[in-house]
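Q: One predicted model, sequence on top.
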Amino acid sequence: MNISFKKIEKKWQDKWEKSKTFVVKKSKKKKYYVLEMFPYPSATGLHMGHALNFTIGDINARFRRMLGLNVLHPMGFDALGLPAENAAIKAKEHPQDYTKKSITYFTKQMRKLGFSYDWGRKVETTDPKYYKGDQWIFLKMLERGIAYRNKAPVNWCPKCNTVLANEQVVNGKCWRHEDTGVEMKYLEQWFFKITNYAEELYNETDKLDWPSRTKTMQKNWIGKSFGTEILFKINRKPWKIFTTRPDTIYGVTFMVISAQHPRLMELVTKKQQKEVEGFLKKIKLVSQKSIKEAEKLKKEGAFTGSYAINPLTNEKIPIYAGNFVVADYGSGMVMAVPAHDQRDFEFAKKYNLPIKEVISGGNIKKGAFTGEGKLVNSGKFNGINSKEAIEQITNDIKKKKLGKKTVQYKLKDWLISRQRYWGTPIPIIYCDKCGIIPVKEKDLPIKLPRNVKFGKGNPLTTNKEWIKVKCPKCGKFGKRETDTMDTFVNSSWYFLRYCDPNNNKIFDPKKANYWCPIDQYIGGKEHACMHLIYFRFYTKFLRDLGLLKFSEPAKKLFHQGVLYGEDGRKMSKSLGNVIDPLDAIEKYSADSLRLALMSFASPDSDTSWDAKVLAGSHKFLSKVYNYFNKNKIGKADQRTESKLNKTIKEVTNYIENFNYNLAIIKIRDLFNSLPNETSKDVLGKSLKLLHPFCPHITEELWNKLGNKKLISLEKWPKVDEKKIDKKFEQQEQTIEKLKDDINNIKKITGKKNPKVYVYVIPKDINLYQEPVKILNKELKLKIKVYTNNYKKKYDPTNKASKAKPNRPSIYLE
RNA sequence: GCGGAGGUAGCGAAGUGGUCAAACGCGGCAGCCUCAAGAGCUGCUCUCUUAGUGAGUUCGCAGGUUCGAAUCCUGUCCUCCGCACCA
């Protein structure tokens, strides 16, 4: 029978939309906010990863809704950003038109998948009403010293004429120009002082109900380490040096300052200038990204001509510029202890610098000894264990006011400036007289001008009309900031905007505090150290502004697995292994696709696409549909009731825990075991179990059962424990075993339609009567059961004597 | 180098102390149906054995704990992923 899934699906999608089924308001019910990370729309449309992500979210949303919660399940588009701008330029379109088209396309596809979004809450970051919020928050950050301007080394592509985000540098090359090396440049940039929140972000990570892997990644990224800050005198000025090994301070034989250090040139003497400049030139093309090929990179450097004074030994120590010291960690300069640090050791070997052993236990001729040991050559600290010496030396330094115990983070302030058009304009005006002046709140939003000419770099810089603006302070003409904000700014607070997306304010704190924090956030694990840290930071900042009453944006987080192509490789156009969700829907149906996506594997594990699973899912749904066309509605037997209730229990549990694949197995099993005649109640409850996965077909069949209301808004079935009867399970096992035995004997003997005689011991007779009846029907055989002591039984070969407890004897004729 | 995940029958994938030769799906094989194919239905699918209910060998590899291990412990090999010269 040919079922028109397409018609059915369209019918219910229309119905949901018309009757505003998924529109939510504040209510007395307990709230539940489920959110999938909003997509970055592109003209190529939704990909299978999106479909997977959103399906997981939708199942969760539909399930919670049926449980009686007030479910907020919105969707939006993260549409500002560099990739869209580049794609638009390539397509010779205006980014605005390109984005609009992409969003329309995405929306259409999402509708076809039957997601239960409250579309009235759609958020688009390209909407000036939205990015006004970015600008307002920026101004608040500026007021509080969280946003600041600073000169910093950045990745620069000479061909694009623009700064690139770290993610846009691939192996030291520009992502758009594979042959172009990225350079380091010093530019005045806007930063967000996320490091102010490093401690809180770090500490609260443990409390989150998030995947542990992500939590560790975040903690590593924030990178808290305890150490000591020691003041070394250089040219009579103190320089702070961070170390985790103050116990080795007597072994310092030189210092290394980062080649990227902004104050490097202060230390370079006239005599050494040429040498240092030569060195800097040599490493200029080595961007931060390619430094990541760490092991291969040889330690290199040049003597600056300056010396530092070791505060404990008063030794004069030469300072080198080096390529292996990170400029923005610690103080960008390290005290080098070649005897006890591998990198310092390599550097010392190369430049013939002295290696002084201060911890015993290793062989410093062979290499650095980084382990624990007793101190030697360390004055009054000789003989102390190195671990203990860390404490003692730190105390000594503190007493002498030469330093203190301190904490360092790897987390760096967030560089948000982008020399690009398609982003939120930074609301700043540069005035010759007044300096850097923030735009007044009442003048927000600063809209992106529509008229721009794309050429080299940021087209805003050549838009004279837009740039020219009156200084809010003195009234004379100044210049607008032409940099725009990093796209991650947009996604840092969008979840708040969903709570009241159409107002002219930023977001409604009252509503945000009702709906938030997000109860269940769902998205890719690749965001662990970017978006998922940024939006925590924003939440904390907005809390400190007094707008939010919570400190963490998402209580629970779920990462969907990566879905690879059928060949096990990443889906990509060039490999030709991309499966388009629309094609799958076209060929089968949205419900089939949703079911298949959840059947491959546990939704959080990486897996590959399998066309057969999709076909199989479709087959199953067809079977379900056909069953509902043929079946009779009458009374439910106890066996089915028992099975149903057991399944309700299992499925509920599985869905709670995101074991969607297992839930589906149980649901399939239930439908497969439904008898031709059963009650409306059983059928309805079975449909409800399937509904979160396959909303359309269940809506259709629910309606066919004679229900007037939507299944989408029905209550999730409750388990009736009393109806779960272990007897039936036992019977099922008995049936299986008996069936196996009969089939086996049939096979061995080759008898096709035998008469079957089953002999059981008297005690077991009750256990077998029912199963034999069922098997009679199922196998279409004549099966007779006797107790083995029954005198009138038919038993030509005396099989009956072999019957044992729980082990019937069988004769086939 | 640091950190994380994982290795289960032909494949995908459940299972985390006994009820495990191990759910379920796919594939394969056989039967029914049909003029035939497909679909659908039924059964089998580690090896051997047998008119069934029996035996043997399995859950990356090697040891160990236990009356008992796919499941716990130790070591080891392999795969995938993230971070990476962070002092």
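A: Received it, and whenever you're ready, just let me know what you need.
Q: Give the rounded mean pLDDT of the strand or helix carrying residue A:687.
A: Using DSSP states H and E, residue A:687 falls within helix A:680-690. The predicted model gives helix A:680-690 an average pLDDT of 95.
Q: got the buried residues for it?
A: Neighbour counts over helix A:680-690 (16 or more other C-beta atoms under 10 Å) mark A:682, A:683, A:684, A:685, A:686, A:687, A:688, A:689, A:690 as buried. In this view, the C-beta of every residue, glycine as well, is placed from N, C-alpha and C.
Q: Generate TSV for those residues, with distance to RNA strand B as supplementary columns.
A: Formatted as TSV, the buried residues of helix A:680-690 follow (distance: C-beta to the nearest atom of the strand, whole Å):
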residue	distance to RNA strand B
A:682	19
A:683	18
A:684	22
A:685	21
A:686	16
A:687	19
A:688	20
A:689	15
A:690	14
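Q: any idea which of those is closest to residue A:808?
A: Proximity of the buried residues of helix A:680-690 to residue A:808, judged by C-beta to C-beta, is greatest for residue A:682, which lies at 31.4 Å.
Q: Contacts only, for that closest one.
A: When the contact criterion is C-beta atoms under 8 Å, 6 or more residues apart in numbering, the partners of residue A:682 are A:636, A:640, A:641, A:644, A:674.
Q: go on, residue A:655?
A: Residues touching residue A:655, when contacts are defined by C-beta under 8 Å, 6+ apart, comprise A:59, A:60, A:63, A:663, A:692.
Q: Secondary structure and distance to residue A:628 added to the residues you listed, as CSV?
A: Conversion of the contacts of residue A:655 to CSV gives the following (DSSP: H, G, I helix; E, B strand; the rest coil; distance: C-beta to C-beta, whole Å):
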residue, secondary structure, distance to residue A:628
A:59, helix, 22
A:60, helix, 26
A:63, helix, 22
A:663, helix, 20
A:692, coil, 18
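Q: what's the neighbour count on residue A:792?
A: As a burial measure, the neighbour count of residue A:792 was computed by other C-beta atoms under 10 Å and equals 6.
Q: Against residue A:323, how distant is it?
A: Plainly put, residue A:792 is 100 Å away from residue A:323 if you go by C-beta to C-beta, to the nearest Å.
Q: is RNA strand B contacted by stretch A:216-227?
A: Yes. With C-beta under 7 Å from any atom of the strand as the measure, stretch A:216-227 is seen reaching RNA strand B through A:216, A:217, A:220, A:221, A:223, A:225, A:227.
Q: and what of stretch A:252-271?
A: Yes. Residues of stretch A:252-271 contacting RNA strand B under C-beta under 7 Å from any atom of the strand: residue A:258.
Q: can you give me the end-to-end distance of that stretch?
A: Stretch A:252-271 has an end-to-end distance of 24 Å (criterion: C-alpha to C-alpha, to the nearest Å).
Q: what distance separates the helix or strand just after the helix holding residue A:687 from the centre of its chain?
A: Proceeding C-terminally, helix A:680-690 gives way to helix A:695-704 as the next helix or strand, assigned by DSSP H and E. Centre-to-centre, helix A:695-704 and its host chain are 33 Å apart (C-alpha atoms, centre = their mean, to the nearest Å).
Q: mean confidence score for helix A:695-704?
A: When the per-residue pLDDT values of helix A:695-704 are averaged, the result is 96.
Q: So what touches it?
A: Residues outside helix A:695-704 that contact it (C-beta under 8 Å, 6+ apart) are A:5, A:8-9, A:11-13, A:15, A:58, A:62, A:114, A:116, A:589-591, A:621, A:624-625, A:628, A:683-684, A:687-688, A:690-691, A:710-712, A:714.
Q: Buried residues, that helix. List them.
A: When burial is assessed from 16+ other C-beta under 10 Å, helix A:695-704 yields the following buried residues: A:695, A:696, A:697, A:698, A:699, A:700, A:701, A:702, A:703.
Q: any idea of the angle that helix forms with helix A:680-690?
A: Taking axes from the mean of the first three to the mean of the last three C-alpha atoms, to 10 degrees, helix A:695-704 and helix A:680-690 form an angle of 170 degrees between their directions.
Q: For helix A:695-704, C-alpha coordinates in PDB please.
A: Listed next in PDB are the C-alpha coordinates belonging to helix A:695-704 (Å, rounded to 0.1, in the frame of the first residue of the first chain):
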ATOM      1  CA  PRO A 695       5.300  13.500  15.200                       C
ATOM      2  CA  HIS A 696       3.400  13.500  11.900                       C
ATOM      3  CA  ILE A 697       2.400   9.900  11.500                       C
ATOM      4  CA  THR A 698       1.400   9.700  15.100                       C
ATOM      5  CA  GLU A 699      -0.700  12.800  14.800                       C
ATOM      6  CA  GLU A 700      -2.400  11.300  11.800                       C
ATOM      7  CA  LEU A 701      -3.100   7.900  13.400                       C
ATOM      8  CA  TRP A 702      -4.100   9.500  16.700                       C
ATOM      9  CA  ASN A 703      -6.700  11.400  14.700                       C
ATOM     10  CA  LYS A 704      -7.800   8.300  12.900                       C
END
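Q: what about the helix or strand following it, near RNA strand B?
A: Of the helices and strands lying after helix A:695-704 in sequence (DSSP H and E), the nearest is helix A:726-749. Yes. Looking at helix A:726-749 against RNA strand B by C-beta under 7 Å from any atom of the strand, the contacts come from A:739, A:740, A:741, A:743, A:744, A:745, A:747, A:748, A:749.
Q: Could I get those in JSON lines, plus columns for pLDDT and neighbour count?
A: As requested, the residues of helix A:726-749 next to RNA strand B are exported to JSON lines (pLDDT from 0 to 100; neighbours: other C-beta atoms under 10 Å):
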{"residue": "A:739", "pLDDT": "84", "neighbour count": "15"}
{"residue": "A:740", "pLDDT": "85", "neighbour count": "10"}
{"residue": "A:741", "pLDDT": "86", "neighbour count": "16"}
{"residue": "A:743", "pLDDT": "84", "neighbour count": "11"}
{"residue": "A:744", "pLDDT": "85", "neighbour count": "11"}
{"residue": "A:745", "pLDDT": "86", "neighbour count": "15"}
{"residue": "A:747", "pLDDT": "81", "neighbour count": "9"}
{"residue": "A:748", "pLDDT": "82", "neighbour count": "9"}
{"residue": "A:749", "pLDDT": "81", "neighbour count": "11"}
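Q: so which of the residues you listed comes closest to residue A:319?
A: Nearest member of the residues of helix A:726-749 next to RNA strand B to residue A:319, counting by C-beta to C-beta, is residue A:740, at 82.4 Å.
Q: Distance check, that closest one against residue A:775.
A: Distance from residue A:740 to residue A:775, counting by C-beta to C-beta: 11 Å.
Q: Of the contacts of helix A:695-704, which count as buried by neighbour count?
A: The neighbour-count test (16+ other C-beta under 10 Å) applied to the contacts of helix A:695-704 identifies A:5, A:8-9, A:12-13, A:58, A:62, A:114, A:116, A:589-591, A:621, A:624-625, A:628, A:683-684, A:687-688, A:690-691, A:710-712, A:714 as buried.
Q: Can you name every helix or strand that the helix or strand where residue A:277 lies contacts?
A: Residue A:277 is part of helix A:273-283 when elements are defined by DSSP H and E. On a contact count with 3 or more C-beta pairs under 8 Å, 6 or more residues apart in numbering; DSSP states H and E, helix A:273-283 meets strand A:301-309, strand A:316-322.
Q: and among the ones you listed, the most buried is which?
A: Ranked by average neighbour count under the criterion mean count of other C-beta atoms under 10 Å, these are headed by strand A:316-322 at a mean of 22.
Q: Any residue of it touching RNA strand B?
A: No. No part of strand A:316-322 sits close enough to RNA strand B to count as contact by C-beta under 7 Å from any atom of the strand; the gap is at least 8.5 Å.
Q: From residue A:452, how far off is the residue nearest to residue A:425 when sequence neighbours are not counted?
A: Using C-beta to C-beta, 6 or more residues apart in numbering and skipping residues adjacent in sequence, the residue nearest residue A:425 is residue A:446, 4.5 Å away. In this view, residue A:446 and residue A:452 are 15 Å apart by C-beta to C-beta.
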